[in-house]
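Chemist: A predicted structure for the sequence below; I have some questions about it.
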Amino acid sequence: MNEKIALVAGATGLVGRQVVELLLGDSRYRQVMVITRRPLDLQHSRLITLLVKDFDRLAQHDWQAHDVFCCLGTTMRQAGSKEAFRQVDFDFVVTLARESHRRGAANFLLVSARGANVRSSVFYNRVKGEVEAEVSRVGFSRVVIVRPSLLLGNRNESRLGEDVGKVIARYLRWLIPVRYRAIESNKVARALVYYANQTNPGVFIHESSELQSF
């Protein structure tokens, strides 16, 4: 049995919630901490919740972890503006990465998106690419970036564009090339936990097609 501590940011989201549940069932972790703005409807003796209303004050909270799972993310529609979107998907993520590294975290695992590219003409993809690059430079022993395609699963909120895409993805799955194919969120969560327990150092990027095997 190991004595690792995991930290999950974005634990109320589709992938983050499933990562938390997997970690709580994994004997390699003695404690699972979650950073969230609202409490999880989940109780466990090894679960600790840090309610963080303002990410700019993250350094004021008491926490430390070996493996950090960053499942933060929003949409342009939810955020309401490019500035608000960038705050969540870039600023908050980079703040978490830097603070985690300062506190001794070895592994940082980031949920990004298919198409992430610092040179993309698409704002969403460009921000994702920029945050990948910034996190990779922080200095962790190991950085794992996963780039899932459209996520399948039950969200707490409805996203109209994604809902339509999910219907198409389910019925036309085998006509879509695997790199573009929608992916079940539980596969992404399982991949993250698996990659967190590999030991080779470096920066590793896993595309959606690789995640399908989980």
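Modeler: Received the coordinates, thanks.
Chemist: please make it C-alpha for all contacts and neighbour counts, starting now.
Modeler: Noted.
Chemist: so the spatially closest residue to Leu47 that is not a sequence neighbour bridges to which residues?
Modeler: Closest residue in space to Leu47, ignoring its immediate chain neighbours: Val32 at 5.0 Å, by CA to CA, 6 or more residues apart in numbering. For Val32, the beta-bridge partners under DSSP bridges are Ala6, Leu47.
Chemist: now do Val32, the pLDDT please.
Modeler: The model reports Val32 with a pLDDT of 98.
Chemist: hmm, Ile5 and it touching each other?
Modeler: Yes. The criterion here is CA atoms under 8 Å, and Val32 meets it with Ile5 at 5.9 Å.
Chemist: overlap in contacts of these two?
Modeler: Shared contacts of Val32 and Ile5 (CA atoms under 8 Å, 6 or more residues apart in numbering): none.
Chemist: got the contact list for Glu184?
Modeler: Counted by CA under 8 Å, 6+ apart, Glu184 has contacts Leu151, Leu152, Gly153.
Chemist: how near is Val93 to Asn200?
Modeler: 23 Å (CA to CA, to the nearest Å).
Chemist: for Val188, same thing?
Modeler: For Val188 relative to Asn200 (CA to CA), the value is 20 Å.
Chemist: the two - which one has more neighbours?
Modeler: Taking other CA atoms under 10 Å, Val188 and Asn200 do not tie; Val188 has more neighbours (27 against 10).
Chemist: state the pLDDT value of the more buried one.
Modeler: On the pLDDT scale, Val188 gets 98.
Chemist: state whether it is indeed within a strand.
Modeler: No. Counting by DSSP: H, G, I helix; E, B strand; the rest coil, Val188 is located in no strand; its state is helix.
Chemist: tell me which residues in the longest helix seen in the chain are buried?
Modeler: The longest helix of the chain (DSSP state H) is helix 123-136. Buried positions in helix 123-136, judged by neighbour count with 16 or more other CA atoms under 10 Å: Phe123, Tyr124, Asn125, Arg126, Val127, Lys128, Gly129, Glu130, Val131, Glu132, Val135, Ser136.
Chemist: any chance of those in CSV with pLDDT as columns?
Modeler: What follows is the buried residues of helix 123-136, written out as CSV (pLDDT from 0 to 100):
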residue, pLDDT
Phe123, 96
Tyr124, 96
Asn125, 96
Arg126, 98
Val127, 98
Lys128, 98
Gly129, 98
Glu130, 98
Val131, 99
Glu132, 98
Val135, 98
Ser136, 98
